[in-house]
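**Q** only geometry, no sequence info:
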């Protein structure tokens, strides 16, 4: 039968197909009837009647054919893909060294990026784990403090109550404060300190979280005199109660009082999380127990005592700006009605919870992302170079395939498959690295905000895979270009790679060198900055001191007036006992240990100072400023080796009923009486806070101590003796006589047990560890950037080595000719070296310029080092040049060993 | 088709029709009409969806060609899979008809 070629063979057209087929049938049937004797018209009608509903049949057939086409296309596509994959795997297996090198390089580059992106995702991008978290805000007071403008002061109890009642823009408001509880030991379990929060029962409703078991706190629980109930966290439930469901209704002793457990929160709920809140509020990384915040009449009358953090939910449709305007309106009312406690320049404002957590680390994380992105670019450049070297060899293969009928599209898809397999293998390893980020973080001390929210989630996997595919496609494009260029000549047409291609690869290497130089400069600056930080004098001597916290059992009835004397007596006795121990040089206690983030501030007034213009005063007093304050017991200053500059330290004269005294820091004297010498400040009297108390006399001036951080200047500080200023919680510091700090611990515990066996020390660590921990973030950034820079340098060196080695291999003929014509091996070496060093020089120059530009981004992270520190730049440039020289030298030397006889004959 | 009890009757007839060589749809329909003596007569159009489905299942292969009279028509032929399917279906039909015949011939309940 003759075969006609129809257009529908090339592109199927179901409509025309079916129509002609059916028309043929009807024509033949009609003819049949005509042959039987009917007229053409009758015959046609009979044929149609015999056939049935033509239109319906036609539609049905068309439908079948359309589905058939779809199935055939899908099958063809699957076949193409499986062929490509099989072929790609075979090709990759043929050159195992290349494949392994490429996959490992990609894994390194993508792995770093994936790990950092996991961090960025968890901390900056993911929504917080609360209902409709975008509408949650923290409400803060702002004002002028001891360190300049402060924007995240807590609220006072009466202010909070007013805000809750008057804020039209906020749907729910809940205050909370940190409250440490000592969980009494039961049976074999030791007493332990729990990070707790006393919270307005509305907290759970505001956050939109439900308990896993039992109930949350209710408004009833917050009545004064109401039942003592507590809600515990999931971890605590597992740890102390074995995850038993009968925990509800159990009674526990918290700080000496009986509480009933009424609820258990779900896993991963631990609001408030200290890393997301200002350090001064002293929240721990995770909160484990929640008790009702009961505001007594006394607390509700103290408008100047700011100790409540508050979270709120914006009403539907309200923007952040509207909420801020609303809060400012309330602030102005406070300033008008309570000028003594709410100065004119103070304000109320709201910060979104997500922003609260992200702001302190956002810059650092994106810088980290940028750094690791550079490493990825260098890694990709190396792999691109590897592929380019391969492409030259495969030009022939592409030419044959095209001649045999493969369309450009199929060849391209084949390349894409190969490259995507490579990059996906790298990405799979990379995701393993990203997953390990969690393990690394688990060991870190929760300094990172939202550390608990970091996980390899769908977005991380999707972004990583998408990046892998994109890089794979990019590689395929470049390989095709290079392959097409080289294919024109066939094998052997060019002995040496054309100048265009070689220049391209040298440019790539120069770029790698430049990028790694940028990273090295960054790492160098951060390292220097870190070294400078460690050299800062904190104001005390950290070696040989052990610190431990001691909490008086305060329960929910916090009454300093009633219990203060008892606490003071206990602390003083304990300090005395510690001081009397053999092997102890000095011992004391303080309410806020430096460099732990704990800092409390208070306003003070100077006796005799006139009220400032316009600001309200009372009987000649005036609020002169804010200063840090701390309560000390025993020989705190001696134990810390804080120098006494003038006057005396506290001693047994300073009893509860004696004249109120205070010791101030040198910065306090400088700020308050500029120009006078320290001894002249002795005898001056100051008022603390705004309560009507008798003034305190300055009896001593001590050296400055960096309270908040090593890179923050010391603020003015006031110290009160514990006997005169009741405080329920002190951190004790014990300086050993020559021995290590750890040796002090057992005697400390014994001395405490002798006084009261139901109490326990907590947060026990050497002072040296405290100082080191305060630098944890900088240490992390420095070590991370150093490893990235090292990785980049190694990759660049490997890339340079590869390019030179390939170049030498391709130029064996040319070099052989040169040697045969009389060039010395040294000359040949110099020739090859010159090539490598030219690329390096260009890279170093470009890198220095780039580093100068990029270093500006680092300025906020640097301390004691300028972003253009010449020593760092020079050092890095020399290091890079040295490494590049080594990377070039090794393959270059091989060039000198060439035997012209062999190279000229061979090929 | 007449019988609901045996599904696929039309398919068997179609496969049988092309088992001697490629035929176009009209010829297949005509053969069925003539061979079954119009016992199994139905709207002829039903044939075509059946043909297309068989082609989709790759039991038939289709090819446009020219008839003896010079007209263009789509010819269907049996694929190896189709031949195997025909054998299996014939066997199944034989078993079915044997069973029914035996039941009908039974003289007692």
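**A** Thanks, I have it. Just so it is clear, the model here is predicted, and its values are computed rather than measured. Residues are numbered from 1 along each chain as shown, chains lettered A, B, ... in the order given.
**Q** Kindly tell me how buried the residue in chain A that chain B sits nearest to is, as a neighbour count.
**A** Proximity to chain B, evaluated over chain A using Cβ to the nearest Cβ, is greatest for residue A:52 at 3.2 Å. C-beta: built from backbone N, CA, C; applies to glycine. Other residues within reach of residue A:52, judged by other Cβ atoms under 10 Å in any protein chain shown, total 16.
**Q** so who does it touch?
**A** Shown in contact with residue A:52 (Cβ atoms under 8 Å, 6 or more residues apart in numbering or on different chains): B:43, B:44, B:45, B:46.
**Q** Need the phi and psi values for it.
**A** Dihedral angles phi and psi of residue A:52 (degrees, to the nearest 10) take the values phi 110, psi -160.
**Q** Could you measure from it over to residue A:61?
**A** Between residue A:52 and residue A:61 the distance, using Cβ to Cβ, to the nearest Å, works out to 12 Å.
**Q** Which neighbouring elements make contact with the helix or strand harbouring residue A:49?
**A** Secondary structure assignment for residue A:49, by DSSP states H and E: helix A:40-51. Helices and strands touching helix A:40-51, as assessed by 3 or more Cβ pairs under 8 Å, 6 or more residues apart in numbering or on different chains; DSSP states H and E, comprise helix A:14-35.
**Q** Figure out how far the helix it packs on is from the centre of its chain.
**A** Relative to the centre of its chain, helix A:14-35 is centred 74 Å away, using Cα atoms, centre = their mean, to the nearest Å.
**Q** Over to stretch A:654-668?
**A** Put simply, stretch A:654-668 sits 42 Å off its chain's centre (Cα atoms, centre = their mean).
**Q** neighbours around residue A:585, how many?
**A** As a burial measure, residue A:585 scores 19 neighbours (other Cβ under 10 Å).
**Q** Now do the contacts for it.
**A** Contacts here follow Cβ under 8 Å, 6+ apart; on that basis residue A:585 touches A:638, A:639, A:735, A:736, A:737.
**Q** and chain A, which of its residues are near chain B?
**A** If contacts are counted using Cβ under 8 Å from any Cβ of the partner chain, the residues of chain A sitting beside chain B are A:1-4, A:6, A:9, A:17-18, A:20-22, A:24-25, A:27-29, A:32, A:50-54, A:56-57, A:60-61, A:64-65, A:67-68, A:71.
**Q** Of those residues, which count as buried by neighbour count?
**A** Buried members of the residues of chain A next to chain B, counted by 16 or more other Cβ atoms under 10 Å in any protein chain shown: A:17-18, A:20-22, A:24-25, A:28-29, A:32, A:50-52, A:54, A:57, A:60-61, A:64-65, A:68.
**Q** Just the mean pLDDT for stretch A:641-648, thanks.
**A** Here stretch A:641-648 scores 93 as its mean pLDDT.
**Q** what do you get for stretch A:736-754?
**A** Per-residue pLDDT values over stretch A:736-754 give a mean of 87.
**Q** Now do it: everything it contacts.
**A** Contacts of stretch A:736-754 with the rest of the structure, by Cβ under 8 Å, 6+ apart, involve A:543-546, A:548, A:550, A:574, A:577-578, A:581, A:583-585, A:732, A:734, A:759-761, A:764, A:766-768.
**Q** ChimeraX command for the buried members of those?
**A** Selecting only the buried members of those in ChimeraX, with burial defined as 16+ other Cβ under 10 Å, works like this:
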select /A:544,545,546,548,550,574,577,578,581,584,585,732,734,759,760,761,764,766,767,768
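**Q** Just the contacts of stretch A:736-754: which are in strands?
**A** Taking DSSP state E, the ones among those that sit in strands are A:545, A:546, A:548, A:550, A:584, A:585, A:732, A:734, A:761, A:764, A:766.
**Q** so the second one touches residue A:764, yeah?
**A** Right, residue A:546. Yes: counting by Cβ atoms under 8 Å, a contact exists between residue A:546 and residue A:764, whose distance comes to 7.2 Å.
**Q** for the chain, what's the longest helix?
**A** Using chain A here. Within chain A, and with DSSP state H defining each element, the longest helix by residue count is helix A:353-403.
**Q** look at chain B instead
**A** Chain B, longest helix under DSSP H: helix B:80-105.
**Q** Identify each buried residue in that helix, please.
**A** By 16+ other Cβ under 10 Å, the buried positions in helix B:80-105 come out as B:82, B:85, B:86, B:89.
**Q** Could you tell me the end-to-end distance of stretch A:641-650?
**A** Across stretch A:641-650, the terminal residues are separated by 15 Å (Cα to Cα, to the nearest Å).
**Q** Residues in contact with it: which ones?
**A** Residues lying outside stretch A:641-650 but in contact with it, judged by Cβ under 8 Å, 6+ apart, are A:539-541, A:632, A:635-638, A:661, A:663, A:666, A:677-679, A:681-682, A:698-703, A:705, A:719, A:721, A:735.
**Q** Let's see that with 6 Å instead.
**A** With Cβ atoms under 6 Å, 6 or more residues apart in numbering or on different chains as the test, stretch A:641-650 has contacts from A:540-541, A:637, A:666, A:678-679, A:682, A:699-703, A:721.
**Q** Okay, angle between the helix or strand where residue A:90 lies and helix A:40-51 too, please.
**A** Element membership of residue A:90 [criterion: DSSP H and E] is helix A:54-94. Taking axes from the mean of the first three to the mean of the last three Cα atoms, to 10 degrees, one finds helix A:54-94 and helix A:40-51 inclined to each other by 60 degrees.
**Q** which helices and strands does the next helix or strand after helix A:54-94 pack with?
**A** Next in sequence after helix A:54-94, counting helices and strands by DSSP H and E, comes helix A:96-120. With contacts defined as 3 or more Cβ pairs under 6 Å, 6 or more residues apart in numbering or on different chains; DSSP states H and E, helix A:96-120 has these neighbours: helix A:353-403, helix A:408-443.
**Q** Neighbours of residue 13, how many?
**A** By default, I'm working from chain A. Residue A:13 has 14 neighbouring residues, counting by other Cβ under 10 Å.
**Q** Correction: the question concerned chain B.
**A** Burial of residue B:13 is recorded as 19 neighbouring residues (other Cβ under 10 Å).
**Q** That concludes my questions; thank you for your assistance.
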